[in-house]
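S.K.: return a 3D structure for these sequence lines:
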Amino acid sequence: MANNIKLTFLGTAASIPTASRNHTSILLTYQGENILVDCGEGTQRQFRKANLNPCKITRMLITHWHGDHVLGVPGLLQTLALSGYNKTIYLYGPKGTKDFLNKITAIFAFVDKLNIEVKEVKDGKFFESEDFYLEAKPMTHWTHTNAYCFVKKGERRIDKIKLKKSKLPSGPLLQQLKEGKDITFNGKKFLSKNLTYKDEDRKVSIVLDTSMNERIVPFVKNSDLLILDSSFGSDMEEKAKEHMHMTSKQTAEIAKKSKSKKLVLVHVSPRYERDINVVLNDAKKVFKNSVLVNDLDVIEI
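M.R.: Residues are numbered from 1 along each chain as shown. Below you'll find the predicted structure:
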């Protein structure tokens with residue numbers, strides 16, 4: 001469907017990549033928007049493998065400035081510049097983003113032909129259009145870190161059965177009803193609330209490197225798709241806490257408490273490369289609708 005939200009998982013590894021898992025990067029596509037969440041080393045090559053055009057990126061969301069999440073940024077920006085990218089690219093991130101971006105691009109003899117608008121965001125809604133909005137929430141990690149939500153607003157739709165009974169003609173009057181306006185036809189008043197209904201919002205939440213904290217559940221509540229850092233199995237909870245990450249069991253508990261519909265496990269430690277199901281099975285014991293994605297997997301909602 002044209003108004004589906006599409007997630008392409010360009011990289012699903014933790015801090016160290018493997019032969020089969022690239023560093024973290026997720027592309028969210030909705031209509032004309034292509035929002036890249038993090039840009040680990042090698043991300044632009046993952047675009048090629050997925051047959052995607054990086055020049056269609058409209059926004060970038062940086063969760064935090066650890067290398068495995070951002071070392072692909074300068075290479076990607078260089079490619080966009082060389083490819084004649086002529087739009088404004090909007091880059092959002094936590095406190096320090098402007099400084100980090102300046103430093104990381106200053107290392108190279110950079111081809112500076114891009115119009116980049118950088119905005120540091122901390123808590124709450126930071127972008128809104130007619131169709132969707134973006135929210136941020138600070139997490140707990142070694143450096144300033146954000147989680148993000150993409151929310152597709154529910155649309156007001158005409159109830160076809162009630163419309164037929166009303167005998168209203170098609171045309172501009174129906175558009176007014178969809179906009180929530182009451183109308184008058186042949187001397188009779190028709191209330192929008194009686195002839196329309198509103199779709200539910202659709203929500204994608206992305207929470208990467210963080211330790212367990214009380215902000216997560218309310219922030220991701222009622223997510224249709226919940227993408228969470230699952231660096232460790234449940235047998236390594238103390239190790240996860242020490243490194244300020246989460247276990248797959250903890251992510252499943254978050255999914256359950258937040259009443260989310262589907263849990264996606266990412267950012268998996270290379271220690272589980274030979275038996276990846278250890279991580280997935282831990283989650284499924286708590287939250288049945290859990291999946292562990294591989295690089296280049298696609299999920300649509």
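
S.K.: alpha carbons only for contacts and neighbour counts from here, please
M.R.: Fine.

S.K.: tell me the domain boundaries of this structure?
M.R.: In terms of domains, the chain is parsed into 6-155+199-300, 156-196 (source: automatic domain parsing).

S.K.: what's the span of the last one, first residue to last?
M.R.: Length of domain 156-196, first residue to last, Cα to Cα, to the nearest Å: 6 Å.

S.K.: could you pull up the mean pLDDT of that domain?
M.R.: Domain 156-196 shows a mean pLDDT of 85.

S.K.: and for residue 294, the neighbour number?
M.R.: 18 (other Cα atoms under 10 Å).

S.K.: which residue packs closest to it, ignoring adjacent ones?
M.R.: Once flanking residues are discounted, residue 294 sits nearest to residue 12: 6.4 Å by Cα to Cα, 6 or more residues apart in numbering.

S.K.: which residues are in contact with that neighbour?
M.R.: Residue 12 makes contact with 21, 22, 23, 24, 25, 266, 267, 268, 293, 294, 295, according to Cα atoms under 8 Å, 6 or more residues apart in numbering.

S.K.: and with 6 Å instead?
M.R.: Listed by Cα atoms under 6 Å, 6 or more residues apart in numbering, the contact set of residue 12 reads 21, 24, 266, 267, 295.

S.K.: model confidence for it, exactly?
M.R.: Residue 12 is assigned a pLDDT of 96 by the prediction.

S.K.: now do stretch 243-255: distance to the chain's middle.
M.R.: Stretch 243-255 has its C-alpha centroid displaced from the chain centroid by 18 Å (Cα atoms, centre = their mean, to the nearest Å).

S.K.: nope, stretch 290-301 is what I meant
M.R.: Here stretch 290-301 shows a centroid-to-chain-centroid distance of 13 Å under the convention Cα atoms, centre = their mean.

S.K.: how long is it end to end?
M.R.: 15 Å.

S.K.: same thing with stretch 240-254?
M.R.: Note: stretch 240-254 ends 15 Å apart using Cα to Cα.

S.K.: list the buried residues in that stretch.
M.R.: For stretch 240-254, the buried set under the neighbour-count rule, 16 or more other Cα atoms under 10 Å, comprises 240, 244, 245, 246, 247, 248, 249, 250, 251, 252, 253, 254.

S.K.: do stretch 106-114 as well
M.R.: Neighbour count says stretch 106-114 has residue 114 buried, by 16+ other Cα under 10 Å.

S.K.: got a list of contacts for it?
M.R.: By Cα under 6 Å, 6+ apart, stretch 106-114 touches residue 81.

S.K.: for that stretch, output the C-alpha coordinates as PDB.
M.R.: Taking C-alpha atoms only, stretch 106-114 is exported to PDB below (Å, rounded to 0.1, in the frame of the first residue of the first chain):
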ATOM      1  CA  ALA A 106      36.900  18.200   9.400                       C
ATOM      2  CA  ILE A 107      39.100  15.100   9.400                       C
ATOM      3  CA  PHE A 108      38.700  14.700   5.600                       C
ATOM      4  CA  ALA A 109      39.300  16.900   2.600                       C
ATOM      5  CA  PHE A 110      35.600  17.100   2.300                       C
ATOM      6  CA  VAL A 111      33.700  18.100  -0.800                       C
ATOM      7  CA  ASP A 112      31.400  20.600   0.800                       C
ATOM      8  CA  LYS A 113      28.500  21.000  -1.600                       C
ATOM      9  CA  LEU A 114      25.600  20.100   0.700                       C
END
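
S.K.: mean confidence score for it?
M.R.: Stretch 106-114 shows a mean pLDDT of 82.

S.K.: so how far is it from its chain's centroid?
M.R.: Relative to its chain's centre, stretch 106-114 lies at 28 Å (Cα atoms, centre = their mean).

S.K.: which element is the residue nearest in space to the middle of the chain on?
M.R.: Centroid check for the chain by Cα atoms, centre = their mean gives residue 206 as the closest residue, at 5.0 Å. Element membership of residue 206 [criterion: DSSP states H and E] is strand 202-207.

S.K.: and that strand, which strands flank it?
M.R.: Next to strand 202-207 in the sheet, as set by DSSP bridges, lie strand 146-152 (antiparallel), strand 225-229 (parallel).

S.K.: sorry, back to before: out of the contacts of residue 12, list just those in helices.
M.R.: Under the assignment DSSP state H, the contacts of residue 12 contribute nothing to helices.
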